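*Asks:* let's see this in three dimensions:
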Amino acid sequence: MQNYPRPIAIAIIRRPRDGAILVLQGHDQDQTFYRPLGGGIEFGEPSAQTVRRELREEINLKLRDVTYLATVENIFSHQGQPGHEIIMIYNARLAQASAHAYEQDPIQGFEDNGQPFSAHWIPLSHFCPNGPPLYPTGLLELIQE
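*Replies:* Below is the predicted model of the structure:
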């Protein structure tokens, strides 16, 4: 367990034809949730570069038009462990060489530890009050503005 906040950067990638966002599905106890892709900011690495690197490493996609949106603080519990993140949020689009992924669902990827995952294009309307949450808390309201 860390005793300090973990700095991460995530990318909000919207599919042009319908505005769906690219997210991975997670589970914690009996809850399903969604979260945009991204990861830990390495020492000396600008956070905008983090989202480019993470998407390239995890799902082999290149980004363009990476623009800063906001920073949020996320204090949470996952798998019974406390967590604390400072999250840099970026809007981004897929580079021309990766644009084919706008039509793929799911998109297969791998975490840093080799664990496979699937990313999906999910419409914002899926995250209604009775539906599964989009994390970090407050992100949905931020990207709906």
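*Asks:* heading C-terminal from the lengthiest strand in the chain, find the next helix or strand.
*Replies:* With DSSP state E setting the assignment, residue counts place strand 63-78 as the longest strand in the chain. Counting by DSSP states H and E, the next helix or strand C-terminal to strand 63-78 is strand 81-94.
*Asks:* after that next one, next one along is what?
*Replies:* On the C-terminal side of strand 81-94, the nearest following helix or strand under DSSP H and E is strand 107-110.
*Asks:* ok, and for the following helix or strand past that following strand, which residues are buried?
*Replies:* On the C-terminal side of strand 107-110, the closest following helix or strand by DSSP H and E is strand 116-122. Neighbour-count burial for strand 116-122, with 16 or more other Cβ atoms under 10 Å as criterion, is recorded at 117, 119-122. For glycine as for every other residue, the C-beta is placed from the backbone atoms N, C-alpha and C.
*Asks:* packing partners of strand 116-122?
*Replies:* Secondary structure elements in contact with strand 116-122, counted by 3 or more Cβ pairs under 8 Å, 6 or more residues apart in numbering; DSSP states H and E, are strand 21-28, strand 107-110.
*Asks:* so which of these gets nearest F127?
*Replies:* strand 21-28 (9.4 Å; Cβ to Cβ).
*Asks:* can you tell me the centre-most residue of this structure?
*Replies:* What sits nearest the mean C-alpha location of the chain, by Cα atoms, centre = their mean, is P36, with 1.8 Å.
*Asks:* mind listing what that residue touches?
*Replies:* 10-13, 21-24, 89, 139 (Cβ atoms under 8 Å, 6 or more residues apart in numbering).
*Asks:* just the pLDDT for it.
*Replies:* The pLDDT attached to P36 in the predicted structure is 97.
*Asks:* go through the chain and flag its longest helix.
*Replies:* Counting residues, the longest helix in the chain under DSSP state H turns out to be helix 47-59.
*Asks:* hmm, back to that, ok, the residue nearest to the centre of the chain to G44 distance?
*Replies:* Look at P36 and G44: by Cβ to Cβ, to the nearest Å, they are 23 Å apart.
*Asks:* repeat that for G131.
*Replies:* Separation of G131 from G44 (Cβ to Cβ) stands at 39 Å.
*Asks:* of those two, which one has the most company?
*Replies:* A direct count of neighbours by other Cβ atoms under 10 Å for G131 and G44 places G131 higher, at 12 against 6.
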